[in-house]
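Peer 1: from the sequence below, what's the structure:
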Amino acid sequence: MTGSTKTPRERYRQQVREEVKEKAWQQIAGSGASALSLNAIAKQMGMSGPALYRYFANRDELITELIRDAYRSLADAFIAAAGSGGAGRPGLTGLAEVLRRWALADPHRYFLVYGTPVPGYHAPADVTAIASELMAVLLDACATVAPAPAAIPDTEPHAFEEHLAAHRAWAGSHPEAPPPALRLALTFWSRLHGVLSLELAGHFTGMGLDPALLFDAEVDRLVKP
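Peer 2: Sure, this is the predicted structure:
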């Protein structure tokens, strides 16, 4: 029989931290991340400001924890989809579906990660590392869909292709990924986030459009040769 190895004090600390994060999400939903206040959360929880600072040293530490949780949940969903889906186009389409479901499930979480940066906040390296996991899964899927370099007509490269060849650091664990896969991954990421951001911000409201169909059409255009 096994049980938790945490002490009662550690379990209590984790419980308080989770409650703080829950209150923080409520604040973000009401006023935005830039208005996040630990003192306001402490008041809601019936604690003093100094007492709450024993759990989160400052606002940025709390924001980091929220962003870390958000990235981790999306990365885990991507990894699970990649592990259960087939190769090629279904895999890439499946990742698009996962991304949209994740975004619609919690728009405030989505915008904290992919919306306007919080003024004065800079994410630490470990958060960037989780984001790189997402790109690694995406590049795996794109490598099975993008044409091999030899299959691409011998035409004059666009300025962006020349730029991409010399700026590959963002590819992380895929330093040798072929340029077509890199281009597809970037196009996939930027185009689908563009549609999602507009949808979640309400910019399609009143236009008489179905955002789900628009999103699906963009995915089809990306994965079909």
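Peer 1: please make it C-alpha for all contacts and neighbour counts, starting now.
Peer 2: OK.
Peer 1: in contact with the residue positioned nearest the centre of the chain, which residues are there?
Peer 2: Per Cα atoms, centre = their mean, the C-alpha nearest to the average position across the chain is that of Tyr71, at 4.9 Å. Residues near Tyr71 by Cα atoms under 8 Å, 6 or more residues apart in numbering: 113, 127, 130-131.
Peer 1: what about 7 Å?
Peer 2: By Cα atoms under 7 Å, 6 or more residues apart in numbering, the contact set of Tyr71 is 130-131.
Peer 1: now the host helix or strand of it: buried residues?
Peer 2: Element membership for Tyr71 (DSSP states H and E) is helix 59-84. Across helix 59-84, burial judged by 16 or more other Cα atoms under 10 Å covers 59-60, 62-68, 70-72, 74-75, 77-79, 81-82.
Peer 1: swap in stretch 123-133?
Peer 2: For stretch 123-133, a neighbour-count test (16+ other Cα under 10 Å) marks 127, 130-133 as buried.
Peer 1: now do stretch 185-198
Peer 2: Going by 16+ other Cα under 10 Å, stretch 185-198 has these buried residues: 185-186, 188, 191-193, 195-197.
Peer 1: low-scoring stretches of this protein, by residue?
Peer 2: 1-4, 84-90, 146-157, 225 (pLDDT under 70).
Peer 1: where do the helices sit along this structure?
Peer 2: Using DSSP state H, the helices found in the chain span residues 8-31, 38-44, 49-52, 59-84, 89-105, 107-114, 125-143, 159-166, 179-200, 211-223.
Peer 1: quick one, which of these gets closest to Ser173.
Peer 2: Proximity to Ser173, assessed across these by Cα to Cα, is greatest for helix 125-143 (6.6 Å).
Peer 1: that closest one packs against which elements?
Peer 2: If you count contacts as 3 or more Cα pairs under 7 Å, 6 or more residues apart in numbering; DSSP states H and E, helix 125-143 packs onto helix 59-84, helix 89-105, helix 179-200.
Peer 1: could I get these as CSV with distance to Gln15?
Peer 2: Putting the helices and strands packed on helix 125-143 into CSV (distance: least, Cα to Cα, whole Å) gives the following:
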stretch, distance to Gln15
helix 59-84, 14
helix 89-105, 24
helix 179-200, 31
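Peer 1: give me the nearest residue to Ala33, chain neighbours excluded.
Peer 2: What sits nearest to Ala33 in space, not counting adjacent residues and going by Cα to Cα, 6 or more residues apart in numbering, is Val118, at 6.5 Å.
Peer 1: meant to ask about Leu95, not that
Peer 2: Counting by Cα to Cα, 6+ apart, the residue nearest Leu95 is Phe78, at 6.2 Å.
Peer 1: is it true that that neighbour touches Gly94?
Peer 2: No - at 8.8 Å, Phe78 does not count as touching Gly94 under the criterion of Cα atoms under 7 Å.
Peer 1: OK, contacts around the spatially closest residue to Leu184 that is not a sequence neighbour?
Peer 2: Excluding the flanking residues, the one nearest Leu184 by Cα to Cα, 6+ apart is Cys142, at 6.3 Å. By Cα under 7 Å, 6+ apart, the residues touching Cys142 are 92, 181, 184-185.
Peer 1: coming back round to it: roughly how far does the residue nearest to the centre of the chain sit from Trp102?
Peer 2: Going from Tyr71 to Trp102 by Cα to Cα, to the nearest Å gives 11 Å.
Peer 1: one more: Phe188?
Peer 2: In terms of Cα to Cα, Phe188 sits 16 Å off from Trp102.
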